[in-house]
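Visitor: model the following, please.
(2 chains)
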Amino acid sequence: MDFFDRFAIPNPSPVIYASMVAIGLTVIAIIAGVTYFKKWGYLWQEWLTTVDHKRIGIMYLISALLMLFRGGVDAIMMRAQLAVPDNKLLDAQHYNEIFTTHGVVMIIFMAMPFIMALMNFVVPLQIGARDVAFPRLNALSFWLFFMGAMLFNISFVIGGSPDAGWTSYFPLAGTDFSESVGTNYYMIAIQIAGIGTLMTGINFITTILKMRAPGMTLMKMPMFTWASLVTNAIIVFAFPVLTVLLAMGTMDRLFGTHFFTTTNGGMDMLWANFFWVWGHPEVYILILPAFGIYSEVISTFARRNLYGYKSMVGSMVIISLLSFLVWTHHFFTMGQGALTNSIFSITTMAIAVPTGVKLFNWLFTLWKGKIEVTTPMLYALLFIPTFTIGGVTGVMLGMSAADYQYHNTMFLVAHFHMVIIPGVVFAMLAGLTYYWPKMFGFMLNEKIGKLSAWVISMSTLLAFIPMFFSGLDGQARRMYTYSESTGFGPWNMVSFIGAAGLAVGFALIVYNIYYSTRYASRDISADPWNARSLEWATHTPVPSYNFAILPHVKSSEALWDAKKHGHELFPGEYEKIHMPNNSGVPFIMSCIFFVWGFSFVFSLWIPLILTTIGIFVCMGLRSFEKDHGHYISVDEIEETENNLRGA
Amino acid sequence: MKELFPMKQVMGFVFSILLTTIAMAVYFLDMTITTGMTILLVTAFIQAAVQLVVFMHAGETKDKGAIYTNVYYGLIIALVTVFGTLLCMIWGYI
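Guide: A predicted model of the protein is given here:
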């Protein structure tokens, strides 16, 4: 039985055993359900092997929503533990595990797939392409991300969760202080998901540079596409750092190297340094697509073209460069001298300038616009003031001398939540509501949607504003309890109420999806929001080939030109369309990657060697495969087009 | 005949052999580690540039602009990362 001891959880509790049972039952229910309804073939042919960017986008979306709830449950548990002084709900070890997984899940397995979902679905449509440049690579990206996420998520029932914080600083994350396999999970799962993200970066840069519709020059691309291009450039330059860093961390933990140890010439602070060399650009990887969504939403519902297109593009390019120059502000107090800290303080404050340019551009777009407050627009309007609170406190934190007061307190926690929630989460929810009709053929209910927008934004304020005060009073982050005499109790209770409100808000979104699926009208046009760019020019549901005739473009608002100025969007006749074939290899290869990662986590060397061979076999198969895709004939296109036009 | 003879490639080949010889000299000659590392780094970067331009045809297609933008951007970020790290961890560390 010695062999199986390694899979036991080091710090078990009834909740974890209950989760084990729940996970087991869910898996059985899914397998039984799919078998009962005879859906295995459908699942395999239509989803698991698909290379269609729209379906991959939808799968990203579903994963992101699932992970949102996983991370959300972690958040509620943390706030419940801190709601009253000296609470006994969680012990220190569980609290450590929960804040670690909350951070990793929310950043890497919720926010990342959410932006990937929107990029996958929207970008090819917006540039008038039939798919991404490398459709099968895109499928592999998704499945690697998915398997990485699943590997990370089983950690708490097999072997124990990581507990060294989402930043996983050494020496705490080293084997001396983190003995369980938890941090191995962190290293390997993020590695697998990260490889997928890197592939997406290359794929989308190529797609955007090479596959734009005729007439669409770089400066005529819609703003979301521009944001995606800049984001993917940052991905390509930032993620290799993470890959190497995680490999070094893995070697320290499993093979006894001394990169980040305090002895034998290791340098423990180097982990923090390189983590943030990746970590700060990562912040912009998350926020720039969000800015892209806001640009689309605001110009659509202000019924005006986006103010200052060129300055929008310019500020994003500047942000992408500056994002690589500021990372030291995450560890001002680690012991660098005043000169170093001053340099990074200045670069940090400089980044507020292009961000400010973007905010003012949105305000000028709204100025004199005929504003129509729909749910996506409501999120965008609520974003501007709430994000500003986060942004301004960020400038406070960016002053290195003052940072000695704020660092490692709840003030910091409040700051980054006030940036990420309005910046990323509101944008993703706005994008979700905005693109929902294009994805699924019906609109989400506006009344429930607006209610959830208000509940979520007000609860965000309620949950995080008190942390600014308790943080300034000295409440440290990552502490699982505090005594009553500190006086933090009331602040944290308010915060807990806000967190509960957020839970209600997200429950409302789920209810909205259920309600609209049942009752919403399916009789909507292809352009229900009266929008401006190409993704709304094709039918709903979008046919597999996206556009029967590739659109011809003269400005960044091609559809608006077609609607208002008589621009001919689709000149010419139907021609046969070349499309890529589906493939099971990405899915199978990622499953092998999952077993590979699992073996790595538990140091099972023989399965590790076998799966490594398996991965190379999959790559070899692809190299020698002759797959030239298939053609959709003109007759078939005509039939599809006529059906869709009739609908 | 002149058009058929790949002068650029031959010169590139000779130059890269020369660079390799200089790098090899670091092992055979007696010098301080600082001098040795400097020679290695400088020759390595020139070598990479020669390979990229002469043998990987970086400037010969209409993607020239995109390729060089990428290379320079990557170079800037690599230098910023390396020197920024040195600044934080060694030079500026009290």
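Visitor: what is the burial count for the closest residue to chain B within the stretch 401-550 of chain A?
Guide: As assessed by C-beta to the nearest C-beta, chain B sits closest to A:Tyr404 within the stretch 401-550 of chain A, at 14.1 Å. To be clear about C-beta, it is placed using only N, CA and C from the backbone, and glycine gets the same treatment. The criterion is other C-beta atoms under 10 Å in any protein chain shown. On that basis, A:Tyr404 has 11 neighbouring residues.
Visitor: and it, that one's in a helix?
Guide: Yes: the assignment for A:Tyr404 by DSSP: H, G, I helix; E, B strand; the rest coil puts it in a helix.
Visitor: didn't it look like it was pressed against A:Gly335?
Guide: No: counting by C-beta atoms under 8 Å, A:Tyr404 does not reach A:Gly335; the two are 11.8 Å apart.
Visitor: check contacts around the residue of chain B found nearest chain A.
Guide: Chain B approaches chain A most closely through B:Gly92 (3.3 Å), counting by C-beta to the nearest C-beta. The contact partners of B:Gly92, taken as C-beta atoms under 8 Å, 6 or more residues apart in numbering or on different chains, are A:Gln336, A:Gly337, A:Leu339, A:Thr340.
Visitor: list phi and psi for the first one.
Guide: It refers to A:Gln336. phi -70, psi 160 (degrees, to the nearest 10).
Visitor: isn't it up against B:Trp91?
Guide: No: in this structure A:Gln336 lies outside contact range of B:Trp91 using C-beta under 8 Å: 9.3 Å.
Visitor: so for those two, which sits in the more crowded spot?
Guide: Under the neighbour definition other C-beta under 10 Å, A:Gln336 and B:Trp91 were set side by side, and A:Gln336 has more, 23 against 12.
Visitor: what about the residue lying closest to the more buried one once chain neighbours are set aside, distance to A:Gly266?
Guide: Among residues not flanking A:Gln336 along the chain, B:Gly92 sits closest, at 4.8 Å (C-beta to C-beta, 6 or more residues apart in numbering or on different chains). Distance of B:Gly92 to A:Gly266, given as C-beta to C-beta, to the nearest Å: 20 Å.
Visitor: and A:Phe109, by the same measure?
Guide: In terms of C-beta to C-beta, A:Phe109 sits 30 Å off from A:Gly266.
Visitor: who has more neighbours out of these two?
Guide: Neighbour count, other C-beta under 10 Å: between A:Phe109 and A:Gly266, A:Phe109 has more, with 28 against 17.
Visitor: looks like the more buried one contacts A:Leu151 (just checking).
Guide: No: counting by C-beta under 8 Å, A:Phe109 sits too far from A:Leu151 to count as a contact (10.4 Å).
Visitor: domain assignment for chain B?
Guide: B:1-56, B:61-94 (automatic domain parsing).
Visitor: show me the contacts for A:Ile195.
Guide: Per C-beta under 8 Å, 6+ apart, neighbours of A:Ile195: A:Leu144, A:Thr243.
Visitor: and if we set it to 10 Å?
Guide: A:Ile195 sits next to A:Leu140, A:Ser141, A:Leu144, A:Phe145, A:Gly148, A:Phe239, A:Leu242, A:Thr243, A:Phe593 when contact means C-beta atoms under 10 Å, 6 or more residues apart in numbering or on different chains.
Visitor: low-confidence ranges in the chain?
Guide: With no chain named, the answer covers chain A. A:1, A:646-647 (pLDDT under 70).
Visitor: chain B, not that one
Guide: In chain B, residues with pLDDT under 70: B:1-2.
Visitor: up against chain A, what does it have?
Guide: B:63, B:66, B:69-70, B:73-74, B:76-78, B:80-81, B:84-85, B:87-94 (C-beta under 10 Å from any C-beta of the partner chain).
Visitor: buried members of the residues you listed into PyMOL, please.
Guide: Entered in PyMOL, the line below selects the buried ones among those, by 16 or more other C-beta atoms under 10 Å in any protein chain shown:
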select buried, chain B and resi 70+73+77+80+81+84+85+87+88+89+92
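Visitor: who's in contact with stretch A:209-218?
Guide: A:123-124, A:126-133, A:208, A:220-222, A:225-226, A:229, A:313, A:534, A:547, A:550-556, A:558, A:569, A:571, B:63, B:66.
Visitor: mind doing that once more with 7 Å?
Guide: The contact list for stretch A:209-218, computed with C-beta atoms under 7 Å, 6 or more residues apart in numbering or on different chains, reads A:Ile127, A:Gly128, A:Ala129, A:Ala133, A:Met221, A:Leu550, A:Pro551, A:His552, A:Val553, A:Lys554, B:Ala66.
Visitor: so A:His280 makes contact with A:Leu325?
Guide: No: taking contacts as C-beta atoms under 7 Å, A:His280 lies outside contact range of A:Leu325: 8.8 Å.
Visitor: overlap in contacts of A:Gln336 and B:Trp91?
Guide: In terms of C-beta under 7 Å, 6+ apart, A:Gln336 and B:Trp91 are not both contacted by any residue.
Visitor: after whichever strand or helix holds A:Tyr435, which helix or strand is next?
Guide: In this assignment (DSSP states H and E), A:Tyr435 forms part of helix A:427-440. Following helix A:427-440 in sequence order, the next helix or strand is helix A:446-472 (DSSP H and E).
Visitor: tell me which residues in that next one are buried?
Guide: So for helix A:446-472, counting by 16+ other C-beta under 10 Å, buried means A:448-453, A:455-471.
Visitor: excluding its backbone neighbours, what's nearest A:Thr460?
Guide: That would be A:Ile421: by C-beta to C-beta, 6+ apart, it lies 5.0 Å from A:Thr460.
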